[in-house]
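Colleague: need the 3D shape of this:
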Amino acid sequence: ISNKVILSSTLRYDINNTKQDLKYEYYDEYYNILQGEYQNQIKDSNLIGGTIKAIYQHNNSLFINSSISRGYKTSGINQSQAPFLADSLNVYDTEYCNNLDFGIHYQKNNYKFIFSAFYMHRYNPQLRLSYQLNPSDPTSFDYATFNANHGYNYGFNLNITVKVSELMILNPYVSYLKTYVSNFEYLGTLYGNRELSHSPQHKYGIHLNYNLSEFINGLTLNMDSNFISSFYFEEQNNIKSDPYYLMNLSLNYKNGDLEISLWSKNITDTQYPIRGYQFVLDPTYQVKNYQCFGDPRTIGVTLNFNF
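Modeller: Here you go, the predicted structure:
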(Lines give C-alpha, C1' and ligand atoms only; values in the text may rest on other atoms or scores of the structure.)
Protein backbone atom coordinates (compact mmCIF):
# COMPACT_ATOMS: atom_id res chain seq x y z
CA ILE A 1 0.00 0.00 0.00
CA SER A 2 2.91 2.35 0.85
CA ASN A 3 6.57 2.21 1.78
CA LYS A 4 5.57 1.45 5.37
CA VAL A 5 2.47 -0.76 4.98
CA ILE A 6 2.14 -4.17 3.32
CA LEU A 7 -1.26 -5.82 2.90
CA SER A 8 -1.51 -9.47 1.87
CA SER A 9 -4.33 -11.97 1.58
CA THR A 10 -4.91 -15.64 0.83
CA LEU A 11 -8.02 -17.59 -0.14
CA ARG A 12 -8.54 -21.33 0.05
CA TYR A 13 -11.40 -23.45 -1.29
CA ASP A 14 -11.69 -27.20 -0.70
CA ILE A 15 -13.94 -30.09 -1.52
CA ASN A 16 -13.09 -33.07 0.65
CA ASN A 17 -14.18 -36.67 0.11
CA THR A 18 -13.50 -39.37 2.70
CA LYS A 19 -14.22 -43.04 2.14
CA GLN A 20 -13.71 -45.80 4.68
CA ASP A 21 -13.66 -49.53 4.05
CA LEU A 22 -12.51 -50.97 7.36
CA LYS A 23 -12.05 -54.65 8.17
CA TYR A 24 -10.79 -55.79 11.56
CA GLU A 25 -10.77 -58.54 14.18
CA TYR A 26 -11.93 -58.25 17.78
CA TYR A 27 -12.68 -60.42 20.82
CA ASP A 28 -16.13 -61.23 22.12
CA GLU A 29 -16.92 -61.66 25.83
CA TYR A 30 -15.53 -65.21 25.70
CA TYR A 31 -12.36 -64.05 23.93
CA ASN A 32 -13.31 -65.66 20.65
CA ILE A 33 -11.90 -63.83 17.62
CA LEU A 34 -14.66 -62.28 15.51
CA GLN A 35 -14.55 -60.46 12.20
CA GLY A 36 -15.88 -56.92 11.83
CA GLU A 37 -16.20 -54.37 9.07
CA TYR A 38 -17.45 -50.83 8.61
CA GLN A 39 -18.05 -48.83 5.42
CA ASN A 40 -18.93 -45.17 5.12
CA GLN A 41 -18.37 -42.19 2.87
CA ILE A 42 -18.70 -38.46 3.61
CA LYS A 43 -18.18 -35.30 1.60
CA ASP A 44 -17.37 -31.73 2.62
CA SER A 45 -18.29 -29.16 0.00
CA ASN A 46 -17.64 -25.43 -0.15
CA LEU A 47 -14.92 -25.30 2.51
CA ILE A 48 -13.67 -21.72 2.44
CA GLY A 49 -10.79 -20.25 4.42
CA GLY A 50 -8.44 -17.33 4.08
CA THR A 51 -6.31 -14.63 5.66
CA ILE A 52 -5.98 -10.86 5.47
CA LYS A 53 -2.73 -9.61 7.01
CA ALA A 54 -1.28 -6.12 7.45
CA ILE A 55 2.34 -5.29 8.34
CA TYR A 56 3.39 -1.79 9.35
CA GLN A 57 7.05 -0.80 9.51
CA HIS A 58 7.40 2.30 11.69
CA ASN A 59 11.18 2.37 11.31
CA ASN A 60 14.07 -0.08 11.07
CA SER A 61 13.51 -1.15 14.68
CA LEU A 62 9.72 -1.39 15.07
CA PHE A 63 7.30 -3.61 13.13
CA ILE A 64 3.59 -4.07 13.89
CA ASN A 65 1.41 -6.76 12.29
CA SER A 66 -2.19 -7.87 12.56
CA SER A 67 -4.32 -10.42 10.76
CA ILE A 68 -7.81 -11.83 10.55
CA SER A 69 -8.31 -15.34 9.27
CA ARG A 70 -10.74 -18.22 8.95
CA GLY A 71 -9.64 -21.83 8.99
CA TYR A 72 -11.14 -25.29 9.24
CA LYS A 73 -10.44 -28.94 9.95
CA THR A 74 -12.43 -31.23 7.70
CA SER A 75 -14.92 -33.81 8.90
CA GLY A 76 -13.84 -37.41 9.15
CA ILE A 77 -14.60 -40.99 10.04
CA ASN A 78 -13.23 -42.56 13.20
CA GLN A 79 -10.97 -45.54 12.61
CA SER A 80 -12.12 -47.33 15.74
CA GLN A 81 -12.17 -51.11 15.59
CA ALA A 82 -14.47 -51.46 18.59
CA PRO A 83 -17.89 -52.68 17.44
CA PHE A 84 -19.52 -50.99 20.44
CA LEU A 85 -19.31 -47.45 19.07
CA ALA A 86 -22.69 -46.20 17.87
CA ASP A 87 -23.00 -45.29 14.18
CA SER A 88 -23.91 -41.73 15.19
CA LEU A 89 -20.45 -41.34 16.76
CA ASN A 90 -18.44 -42.79 13.90
CA VAL A 91 -18.57 -39.55 11.89
CA TYR A 92 -17.44 -36.17 13.22
CA ASP A 93 -18.23 -32.77 11.70
CA THR A 94 -16.02 -30.07 10.21
CA GLU A 95 -14.56 -27.58 12.67
CA TYR A 96 -14.35 -23.90 11.71
CA CYS A 97 -12.40 -21.21 13.52
CA ASN A 98 -12.18 -17.44 13.19
CA ASN A 99 -8.91 -15.85 14.32
CA LEU A 100 -7.57 -12.43 15.26
CA ASP A 101 -3.82 -11.89 15.72
CA PHE A 102 -1.73 -8.88 16.71
CA GLY A 103 2.03 -8.63 17.06
CA ILE A 104 4.86 -6.21 17.81
CA HIS A 105 8.52 -6.77 16.94
CA TYR A 106 11.07 -4.27 18.28
CA GLN A 107 14.84 -4.63 18.03
CA LYS A 108 17.49 -2.03 18.74
CA ASN A 109 21.06 -2.18 20.00
CA ASN A 110 21.21 -4.89 22.68
CA TYR A 111 17.47 -5.47 23.05
CA LYS A 112 14.83 -7.46 21.20
CA PHE A 113 11.15 -7.47 22.14
CA ILE A 114 8.56 -9.78 20.51
CA PHE A 115 4.92 -9.67 21.62
CA SER A 116 1.95 -11.48 20.10
CA ALA A 117 -1.71 -11.73 21.16
CA PHE A 118 -4.45 -13.84 19.64
CA TYR A 119 -8.10 -14.82 19.83
CA MET A 120 -9.65 -17.91 18.22
CA HIS A 121 -13.35 -18.75 18.19
CA ARG A 122 -14.11 -22.38 17.38
CA TYR A 123 -17.32 -23.81 15.92
CA ASN A 124 -17.89 -27.58 16.29
CA PRO A 125 -14.47 -28.03 17.96
CA GLN A 126 -13.07 -31.49 17.34
CA LEU A 127 -12.03 -33.29 20.55
CA ARG A 128 -9.97 -36.46 20.84
CA LEU A 129 -11.74 -38.54 23.49
CA SER A 130 -11.08 -41.94 24.99
CA TYR A 131 -13.63 -44.60 25.75
CA GLN A 132 -13.92 -48.12 27.12
CA LEU A 133 -17.41 -49.30 26.39
CA ASN A 134 -16.90 -52.82 27.74
CA PRO A 135 -15.37 -52.57 31.25
CA SER A 136 -14.54 -56.28 31.25
CA ASP A 137 -12.47 -55.97 28.07
CA PRO A 138 -9.31 -53.82 28.23
CA THR A 139 -8.96 -54.09 24.44
CA SER A 140 -12.15 -52.02 24.03
CA PHE A 141 -10.23 -48.93 25.24
CA ASP A 142 -9.68 -46.63 22.29
CA TYR A 143 -9.59 -43.02 21.12
CA ALA A 144 -11.91 -41.31 18.65
CA THR A 145 -12.77 -37.78 17.54
CA PHE A 146 -16.05 -36.10 18.49
CA ASN A 147 -17.52 -32.58 18.38
CA ALA A 148 -18.48 -30.06 21.02
CA ASN A 149 -20.70 -27.09 20.17
CA HIS A 150 -18.25 -24.19 20.44
CA GLY A 151 -15.16 -22.97 22.22
CA TYR A 152 -12.49 -20.30 22.22
CA ASN A 153 -8.79 -19.71 22.92
CA TYR A 154 -7.05 -16.43 23.63
CA GLY A 155 -3.75 -15.36 25.11
CA PHE A 156 -0.41 -13.72 24.55
CA ASN A 157 3.31 -14.47 24.29
CA LEU A 158 6.13 -12.14 25.31
CA ASN A 159 9.75 -12.91 24.47
CA ILE A 160 12.62 -10.57 25.40
CA THR A 161 16.29 -10.90 24.46
CA VAL A 162 18.87 -8.79 26.28
CA LYS A 163 22.57 -8.70 25.47
CA VAL A 164 23.84 -8.01 28.98
CA SER A 165 27.49 -7.90 27.91
CA GLU A 166 29.75 -9.20 25.19
CA LEU A 167 29.73 -12.52 27.03
CA MET A 168 26.15 -12.94 28.31
CA ILE A 169 22.72 -13.03 26.63
CA LEU A 170 19.49 -13.42 28.64
CA ASN A 171 16.21 -14.48 27.06
CA PRO A 172 13.19 -14.42 29.45
CA TYR A 173 9.71 -15.28 28.21
CA VAL A 174 6.16 -15.48 29.54
CA SER A 175 2.92 -16.72 28.01
CA TYR A 176 -0.74 -16.82 29.00
CA LEU A 177 -3.45 -19.06 27.52
CA LYS A 178 -7.16 -19.15 28.28
CA THR A 179 -9.24 -21.89 26.69
CA TYR A 180 -12.89 -22.90 26.88
CA VAL A 181 -15.03 -25.68 25.45
CA SER A 182 -18.82 -25.73 25.77
CA ASN A 183 -20.89 -28.47 27.34
CA PHE A 184 -21.15 -31.59 25.23
CA GLU A 185 -22.81 -34.95 25.82
CA TYR A 186 -20.74 -38.04 25.25
CA LEU A 187 -21.99 -41.60 25.85
CA GLY A 188 -24.77 -40.34 28.11
CA THR A 189 -22.56 -38.11 30.29
CA LEU A 190 -22.28 -34.31 30.17
CA TYR A 191 -18.74 -32.87 29.92
CA GLY A 192 -17.16 -29.53 29.04
CA ASN A 193 -17.97 -26.01 30.24
CA ARG A 194 -14.33 -25.61 31.30
CA GLU A 195 -10.76 -25.34 30.02
CA LEU A 196 -9.45 -27.72 27.37
CA SER A 197 -7.11 -30.51 28.38
CA HIS A 198 -3.35 -30.11 27.91
CA SER A 199 -3.69 -26.32 27.92
CA PRO A 200 -1.62 -24.90 30.79
CA GLN A 201 -2.66 -21.33 31.51
CA HIS A 202 0.79 -20.02 32.42
CA LYS A 203 4.28 -20.66 31.12
CA TYR A 204 7.39 -18.70 31.82
CA GLY A 205 11.12 -19.19 31.93
CA ILE A 206 14.54 -17.83 31.12
CA HIS A 207 17.37 -18.88 28.85
CA LEU A 208 21.01 -17.97 29.54
CA ASN A 209 23.85 -18.07 27.03
CA TYR A 210 27.33 -17.36 28.42
CA ASN A 211 30.43 -17.18 26.25
CA LEU A 212 33.41 -18.88 27.93
CA SER A 213 35.88 -18.16 25.11
CA GLU A 214 38.08 -16.20 27.52
CA PHE A 215 38.95 -19.58 29.04
CA ILE A 216 38.70 -21.88 26.01
CA ASN A 217 38.06 -20.48 22.53
CA GLY A 218 34.69 -21.70 21.15
CA LEU A 219 33.26 -22.74 24.54
CA THR A 220 29.74 -21.61 25.61
CA LEU A 221 27.39 -22.43 28.46
CA ASN A 222 23.60 -22.65 27.93
CA MET A 223 21.02 -22.93 30.70
CA ASP A 224 17.24 -22.72 30.59
CA SER A 225 14.60 -22.94 33.29
CA ASN A 226 10.91 -23.40 32.43
CA PHE A 227 7.70 -23.32 34.46
CA ILE A 228 4.45 -24.96 33.33
CA SER A 229 1.23 -24.52 35.31
CA SER A 230 -1.31 -27.28 35.95
CA PHE A 231 -3.61 -28.59 33.22
CA TYR A 232 -6.34 -31.17 32.74
CA PHE A 233 -5.27 -34.55 31.41
CA GLU A 234 -8.48 -35.39 29.55
CA GLU A 235 -11.78 -33.81 28.55
CA GLN A 236 -13.70 -36.57 30.36
CA ASN A 237 -12.38 -36.13 33.89
CA ASN A 238 -11.28 -33.37 36.27
CA ILE A 239 -7.84 -34.78 37.10
CA LYS A 240 -5.12 -32.13 36.78
CA SER A 241 -1.35 -32.20 36.77
CA ASP A 242 0.74 -30.37 39.35
CA PRO A 243 2.72 -27.29 38.25
CA TYR A 244 6.39 -28.02 37.66
CA TYR A 245 9.77 -26.52 36.78
CA LEU A 246 12.30 -28.06 34.44
CA MET A 247 15.95 -27.02 34.12
CA ASN A 248 18.34 -27.96 31.32
CA LEU A 249 22.08 -27.32 31.01
CA SER A 250 24.60 -27.74 28.22
CA LEU A 251 28.31 -27.01 27.74
CA ASN A 252 29.13 -26.55 24.05
CA TYR A 253 32.41 -26.43 22.19
CA LYS A 254 32.87 -25.43 18.54
CA ASN A 255 36.10 -25.56 16.54
CA GLY A 256 35.67 -25.18 12.79
CA ASP A 257 33.47 -28.03 11.55
CA LEU A 258 33.56 -29.85 14.89
CA GLU A 259 30.84 -29.33 17.52
CA ILE A 260 30.71 -31.13 20.87
CA SER A 261 27.94 -30.71 23.44
CA LEU A 262 27.82 -32.14 26.95
CA TRP A 263 24.24 -31.74 28.14
CA SER A 264 21.81 -32.63 30.88
CA LYS A 265 18.02 -32.36 30.65
CA ASN A 266 15.84 -32.15 33.75
CA ILE A 267 18.94 -31.80 35.91
CA THR A 268 16.86 -31.60 39.11
CA ASP A 269 15.35 -35.02 38.26
CA THR A 270 11.81 -33.68 38.63
CA GLN A 271 9.01 -36.22 38.26
CA TYR A 272 6.28 -34.63 36.18
CA PRO A 273 3.23 -36.24 34.52
CA ILE A 274 2.55 -35.57 30.85
CA ARG A 275 -0.51 -37.77 30.28
CA GLY A 276 -3.29 -39.11 32.49
CA TYR A 277 -5.90 -41.77 31.83
CA GLN A 278 -8.96 -43.33 33.46
CA PHE A 279 -9.93 -46.86 32.48
CA VAL A 280 -10.49 -50.42 33.71
CA LEU A 281 -7.40 -52.60 33.46
CA ASP A 282 -7.24 -55.11 36.34
CA PRO A 283 -9.72 -57.88 37.30
CA THR A 284 -11.35 -55.68 39.98
CA TYR A 285 -13.22 -53.93 37.11
CA GLN A 286 -12.79 -50.60 38.90
CA VAL A 287 -12.05 -47.40 37.01
CA LYS A 288 -8.60 -46.23 38.10
CA ASN A 289 -6.27 -43.36 37.30
CA TYR A 290 -3.03 -43.94 35.42
CA GLN A 291 -0.29 -41.48 34.53
CA CYS A 292 2.66 -41.29 32.15
CA PHE A 293 5.66 -39.26 33.24
CA GLY A 294 8.22 -37.23 31.34
CA ASP A 295 11.87 -38.19 31.06
CA PRO A 296 13.91 -38.21 34.29
CA ARG A 297 17.33 -36.62 34.52
CA THR A 298 19.14 -37.39 31.28
CA ILE A 299 22.84 -36.82 30.60
CA GLY A 300 24.48 -37.17 27.21
CA VAL A 301 27.11 -36.09 24.73
CA THR A 302 26.39 -34.98 21.17
CA LEU A 303 29.11 -34.85 18.51
CA ASN A 304 28.57 -33.11 15.15
CA PHE A 305 31.03 -32.82 12.31
CA ASN A 306 30.20 -30.94 9.10
CA PHE A 307 31.92 -32.31 6.00
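Colleague: which element is the residue nearest to Arg297 when sequence neighbours are not counted on?
Modeller: In space, and not counting its chain neighbours, Arg297 is closest to Asp269: 4.0 Å by C-beta to C-beta, 6 or more residues apart in numbering. Any C-beta I mention is one placed from the backbone N, CA and C, and that applies to glycine too. Per DSSP states H and E: Asp269 is located in neither a helix nor a strand.
Colleague: roughly how far does Asp269 sit from Ser213?
Modeller: Distance of Asp269 to Ser213, computed by C-beta to C-beta, to the nearest Å: 31 Å.
Colleague: who's more crowded, those two?
Modeller: Ser213 (12 against 9; other C-beta atoms under 10 Å).
Colleague: for stretch 79-92, what is the average pLDDT?
Modeller: The average pLDDT within stretch 79-92 is 73.
Colleague: please compute how far it lies from its chain's middle.
Modeller: 25 Å (C-alpha atoms, centre = their mean, to the nearest Å).
Colleague: distance-wise, check Gln57 relative to Tyr210.
Modeller: Taking C-beta to C-beta, one finds Gln57 at 33 Å from Tyr210.
Colleague: do the same with Asp28
Modeller: 64 Å.
Colleague: go on, Ser130?
Modeller: From Ser130 to Tyr210 the distance is 45 Å (C-beta to C-beta).
Colleague: then Ile48?
Modeller: Ile48 is 51 Å from Tyr210, by C-beta to C-beta.
Colleague: strands of the stretch 51-200 of the chain, start to end?
Modeller: 62-73, 76-77, 91-92, 95-108, 111-123, 126-132, 141-147, 150-163, 168-181, 184-186, 189-191 (DSSP state E, counting those that start in this stretch).
Colleague: so which of those is nearest Ile274?
Modeller: strand 126-132 (15.3 Å; C-beta to C-beta).
Colleague: tell me the gap between the closest one and the middle of its chain.
Modeller: With C-alpha atoms, centre = their mean, you get 16 Å for strand 126-132.
Colleague: parallel or antiparallel, list what pairs with it.
Modeller: Applying DSSP bridges, strand 126-132 is found paired with strand 141-147 (antiparallel).
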